[in-house]
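K.L.:
With the sequence up front, the predicted model follows.
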Amino acid sequence: MMTSRLAINRLRDHEPLDAGQIDRFVGRFGSPIIEGERATFLYRGEADAVAVRHRVVGLPDPLVMRRLPDTDLWAATTVLPEGSRVEYQIETRRGEHYERFNDPLNPRAAHSPVGSSSVCAATGYAVPEWVHHDPNARPGQLLEESMRSKALRRDQPYWLYLPARYSTAQRYPLLVVHDGGDYLQYAAMKTVLDNLIHRLDVAPLVAVFLPPRDRLREYPNHAPHARFVSRELVPALTERLPLITSAEGRCLMGSSFGGIAALSTAVRYPGFYGSLLLQSASLVFTDIGTEHGGGPAFDPVVKFVNRYRAKPTRVVDRIFMSCGTYEPLITPNRSMVPVFREAGITVRYVEARDGHNWEDWRDRLRDGLSWIYPGPQKFVYE
Amino acid sequence: MPAEEFHPASATPRTLLLGPQRFKQTATAALRSLDTDGPVAVINSGWEEREDEVSELDTALDGRAHHLRLYHRMLDVLEKDRRFAASALAFRDRHERLLSIYRLRLQYALDGAYAVQRRLLADGDDTAYGALDDAIEVVRHVDDWYLARLGALYDDGDLVERAATSGVIGWHRGEIEAALAAAAAVVLPGGNVGTLLRTLRLFSIDPAPGLPVIAWSAGAMALTEEVVLFHDHGPQGASETELFDRGLARVSGVVALPHARTRLRLEDKPRSAILARRFGDRHCLLLDEGVILDVTADGGLPGGSRVLGVDGAIHELRRA
């Protein structure tokens, strides 16, 4: 089969290259250049070494870029399967000085609590349309509230989402979102909920977005956190809002450590929640010994997951799980699917060619929410 | 048949079922074919909060629409009669719970039928041992169980009694009865069929047999004996077709499937075959755009109606 040559190789045919040729090339293609299932990253500037830095399991990191002879243009080409989405940065070395930054030739960036990264989207990847503001979608309300928690011994702030057309004459399912502020800020979750409810993909629901205070302590299997959510927050909301009062109408959600917070809360209060929505949950475990490679922060996680794996129980009816195939957590997540199923839990498991990041979690929200709380599409015949 | 060629089967047509109206409007021709004068009572409560956005509908009905505004009346009832509202909410909770268990049972029953069908088709004999018939009988049993339990829910609760003794409901019912008595016809458009059925039930609406009715989409579903929900192209892919509630039973022996071409995976004939066999004593009626059906005097379907056959293919009923 004939394959067309990569643009960077066609450029090399014209060596020696002058600045004008490189200007035109970079101006025409930008970075990265996506050609079929290949991505070519470019960097232009003086340095002793340049590399693409990323966290894609399976690709070399750093991905070393090579300078085109007698130019200031650096390039590296890698495989990038259809539908992939990768976050990365450029790293330069000048002497002993390293610098890492977003790709100056790429305007696409993703944001997270720890900063921003450049985005490389392969052929076939598109940002879902329901992520963007839809003027036809009636907006729900987002209320900033707080409640006193005996369990946490502090006031716990949260955002309460009430869907458009909220009415006390209806009953609503409840979604408790860990890392709630980040889901709102980095996964556009208010907009996503407005849109998916408007499109009838997701049932009108009440969501509570919880921001953590000491995330690494409170999220991996922390009794006060679980008690706050299950014995204080949910009962208080159920008391004042028209919520479905059975377990079926209660879902805990979280990504990464937030996924562990969701699962461990459900394990501490079995039967109280009907479902979990876990995104790239940090389900790290060991089969033998204690070396898990995650550092001290993962010690309580591993202890919790190991204990659950030793004696899996049906703490909820259903779990939606998603994970990026390019993140290190893919293996633990895949491994936990049969464990949950063996315990009698109905599991919907979805993978995407993406990493451990907020846009991946955003892009999977429709899959997860429409499975947990399906919308009324089946009722509407216009 | 094309709307412009439509001629009623009898001088006094009673019930006309139409295809969806969004892109191919046939309601005007259907209404004119009734050859009636006077107001047309419109029940578009399935449009919910958009119930009053009726300019296009008014035009389609030659400016004769008298909107019964059942959705807004229902909101008024829930606002003013708190005891009824509490009973209605309690009933919905019980119904949701029942639906949830029904869906669970249904999924397993249908999975069993599909598995048996796959095996038999692979073996080249889908009648072997009567296994598929028996598997589908299990599905029917689950459907029957659900409808029986739903009936018991209606009987057990205090909803009917509260409605009967509610002053505000009584007032609305009086207004609606008067409007229907003065109407030359009733029109039931589409929308949310659950909401439509709830309002019909709340206000005890059952158009008199002599009063012509035109219905499409959710409205057409509401006229059947049992309302069946379906959608094969949701965000989670195909979901199982399920019973929801009893309808007005003005049309008999029919499972109404509006937007069948866009909502059902009709190309999957084995799946369609199980749907048709599951409701074997009824016609699975495809109500796609452009359709106008003049229901027979006994509530049955006219010749030419397109239905799903037990072979999973689409067939036309023979004309008399």
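P.N.:
Looks like it came in fine. Residues are numbered from 1 along each chain as shown, chains lettered A, B, ... in the order given.
K.L.:
residues in the stretch 51-200 of chain A within reach of chain B, list them.
P.N.:
Neighbours of chain B within the stretch 51-200 of chain A, by C-beta under 8 Å from any C-beta of the partner chain: A:165, A:169, A:171. All C-beta spots, glycine's among them, are computed from the backbone N, C-alpha and C.
K.L.:
again, but for the stretch 201-350 of chain A
P.N.:
Going by C-beta under 8 Å from any C-beta, the residues of the stretch 201-350 of chain A near chain B are A:201, A:242, A:244, A:245, A:246, A:248.
K.L.:
If we use 10 Å, what do you get?
P.N.:
Applying C-beta under 10 Å from any C-beta of the partner chain, one finds that the stretch 201-350 of chain A approaches chain B through A:201, A:202, A:242, A:244, A:245, A:246, A:248, A:249, A:274, A:317, A:346, A:348.
K.L.:
Return the residues in contact with the last one.
P.N.:
Right, residue A:348. Counting by C-beta atoms under 10 Å, 6 or more residues apart in numbering or on different chains, residue A:348 makes contact with A:275, A:277, A:318-322, A:337, A:367-368, A:371-372, B:236.
K.L.:
May I have the beta-bridge partners of residue A:33?
P.N.:
residue A:40 (DSSP bridges).
K.L.:
tell me the domain ranges of the chain?
P.N.:
Picking chain A for this. With domains defined by automatic domain parsing, chain A comprises A:7-121, A:129-375.
K.L.:
My question was about chain B, not that one.
P.N.:
Domain assignment for chain B by automatic domain parsing gives B:3-78+B:166-316, B:82-160.
K.L.:
May I see those arranged in TSV, with mean neighbour count, mean pLDDT and distance to chain A as well?
P.N.:
Converted to TSV, the domains of chain B look like this (neighbours: other C-beta atoms under 10 Å in any protein chain shown; pLDDT from 0 to 100; distance: least, C-beta to the nearest C-beta, whole Å):
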stretch	mean neighbour count	mean pLDDT	distance to chain A
domain B:3-78+B:166-316	19	93	4
domain B:82-160	15	95	6
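K.L.:
can you list those domains in JSON lines and add distance to residue A:112?
P.N.:
Formatted as JSON lines, these follow (distance: least, C-beta to C-beta, whole Å):
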{"stretch": "domain B:3-78+B:166-316", "distance to residue A:112": "26"}
{"stretch": "domain B:82-160", "distance to residue A:112": "37"}
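K.L.:
which one of these lies closest to residue A:97?
P.N.:
Closest approach to residue A:97 among the domains of chain B (C-beta to C-beta): domain B:3-78+B:166-316, 49.4 Å.
K.L.:
How far away from the center of its chain is the closest one?
P.N.:
Put simply, domain B:3-78+B:166-316 sits 6 Å off its chain's centre (C-alpha atoms, centre = their mean, to the nearest Å).
K.L.:
ok, back up a step: select from the contacts of residue A:348 every entry located in strands.
P.N.:
Counted as lying in strands by DSSP state E, out of those, are A:275, A:277, A:318, A:319, A:320, A:321, A:322.
K.L.:
that older thread, show me how to select, in ChimeraX, the buried members of the contacts of residue A:348.
P.N.:
A single ChimeraX command selects the buried members of these (16 or more other C-beta atoms under 10 Å in any protein chain shown):
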select /A:275,277,318,319,320,321,322,337,367,368,371,372
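K.L.:
tell me the contacts of the closest residue to residue A:265 other than its chain neighbours?
P.N.:
Nearest non-adjacent residue to residue A:265, counting by C-beta to C-beta, 6 or more residues apart in numbering or on different chains: residue A:226, 4.1 Å away. Shown in contact with residue A:226 (C-beta under 10 Å, 6+ apart): A:151, A:218, A:252, A:261, A:262, A:264, A:265, A:266, A:267, A:268, A:269, A:272.
K.L.:
Please, which helix or strand holds residue A:226?
P.N.:
helix A:223-227 (DSSP states H and E).
K.L.:
Now do the helices in the chain.
P.N.:
You didn't pick a chain, so chain A it is. A:7-12, A:19-29, A:180-186, A:189-198, A:215-218, A:223-227, A:234-240, A:257-268, A:299-310, A:330-342, A:358-363, A:365-372 (DSSP state H).
K.L.:
could you do chain B instead?
P.N.:
Here chain B has its helices, by DSSP H, at B:27-34, B:55-60, B:70-80, B:82-123, B:131-156, B:159-165, B:167-182, B:193-202, B:218-222, B:260-263, B:269-278.
K.L.:
what's the closest of those to residue A:299?
P.N.:
Of the helices of chain B, the one closest to residue A:299 (C-beta to C-beta) turns out to be helix B:82-123, at 39.1 Å.
K.L.:
Report the angle between that closest one and helix B:269-278.
P.N.:
Here helix B:82-123 points in a direction 120 degrees away from that of helix B:269-278 (axes from the mean of the first three to the mean of the last three C-alpha atoms, to 10 degrees).
K.L.:
tell me which strands and helices helix B:82-123 is in contact with?
P.N.:
Counting contacts by 3 or more C-beta pairs under 10 Å, 6 or more residues apart in numbering or on different chains; DSSP states H and E, helix B:82-123 is packed against helix B:70-80, helix B:131-156, helix B:159-165, helix B:193-202, strand B:237-246, helix B:269-278.
K.L.:
partner strands of the fifth one, parallel or antiparallel?
P.N.:
Looking back up the chat, that one is strand B:237-246. strand B:226-234 (antiparallel).
K.L.:
between the ones in strands among the contacts of residue A:348, which is closest to residue B:88?
P.N.:
Among those, and counting by C-beta to C-beta, the member closest to residue B:88 is residue A:275, at 26.3 Å.
K.L.:
what's across from that closest one in the sheet?
P.N.:
Applying DSSP bridges to residue A:275 gives these bridge partners: residue A:251, residue A:318.
K.L.:
With distance to residue A:209 added, can I get the contacts of residue A:348 in TSV?
P.N.:
Output for the contacts of residue A:348, formatted as TSV (distance: C-beta to C-beta, whole Å):
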residue	distance to residue A:209
A:275	18
A:277	13
A:318	21
A:319	20
A:320	18
A:321	21
A:322	19
A:337	27
A:367	20
A:368	16
A:371	20
A:372	16
B:236	24
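K.L.:
Which pair of the contacts of residue A:348 spans the longest distance?
P.N.:
A:337 and B:236 (17.5 Å).
K.L.:
Just put the helices of chain B in a markdown table and tack on distance to residue A:81.
P.N.:
Converted to a markdown table, the helices of chain B look like this (distance: least, C-beta to C-beta, whole Å):
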| stretch | distance to residue A:81 |
| --- | --- |
| helix B:27-34 | 50 |
| helix B:55-60 | 47 |
| helix B:70-80 | 49 |
| helix B:82-123 | 31 |
| helix B:131-156 | 40 |
| helix B:159-165 | 56 |
| helix B:167-182 | 61 |
| helix B:193-202 | 43 |
| helix B:218-222 | 43 |
| helix B:260-263 | 32 |
| helix B:269-278 | 32 |
